[in-house]
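Engineer: give me the fold of what follows.
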Amino acid sequence: MRQKRARKKREGVSLGMTMQDVLDSSWGKPRQVIRTQSPFVTTEVWIYSGGTLAFNNGVLSVIQN
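Structural biologist: Model (predicted):
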């Protein structure tokens, strides 16, 4: 388990990851989170100093560097 966590920490992010996967990756915790909600979709935009990630219903859908 410890080796798996260390490997994830070294890796970047890829589409389809969960929020927890991203937190466990080299990207870690975002500087800012913007959350919007509609009847069918919850969108979160995570802002980092080096880029932005967008999640739809908890799944990474956009990576912007």
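Engineer: find the centremost residue of this structure, please.
Structural biologist: Centre of the chain computed as the mean C-alpha position; nearest residue by Cα atoms, centre = their mean is residue 22, 4.1 Å away.
Engineer: dump the residue contacts of that one.
Structural biologist: Neighbour list for residue 22: 13, 46, 53, 60 [criterion: Cβ atoms under 8 Å, 6 or more residues apart in numbering]. Bear in mind the C-beta positions are built from the backbone N, C-alpha and C, glycine included.
Engineer: what about this structure, any weak spots by pLDDT?
Structural biologist: The model of the chain has pLDDT under 70 over residues 1-11.
Engineer: mind giving me the packing neighbours of the helix or strand hosting residue 43?
Structural biologist: Element membership of residue 43, judged by DSSP states H and E, is strand 42-48. Applying 3 or more Cβ pairs under 8 Å, 6 or more residues apart in numbering; DSSP states H and E, one finds that strand 42-48 contacts strand 32-37, strand 51-56.
Engineer: now list the buried members of the contacts of residue 22.
Structural biologist: Buried subset of the contacts of residue 22 (neighbour count, 16 or more other Cβ atoms under 10 Å): 13, 46, 53, 60.
Engineer: give me the beta-bridge partners of residue 43?
Structural biologist: Counting by DSSP bridges, residue 43 forms beta bridges with residue 36, residue 56.
Engineer: quick revisit: switch the buried ones among the contacts of residue 22 over to TSV; also include distance to residue 28.
Structural biologist: As requested, the buried ones among the contacts of residue 22 are arranged in TSV below (distance: Cβ to Cβ, whole Å):
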residue	distance to residue 28
13	10
46	10
53	11
60	14
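Engineer: hmm, who's touching stretch 25-43?
Structural biologist: Counting by Cβ under 8 Å, 6+ apart, stretch 25-43 makes contact with 8-13, 17, 23, 44-49, 53-58, all of which sit outside it.
Engineer: thanks again, I'm all set now.
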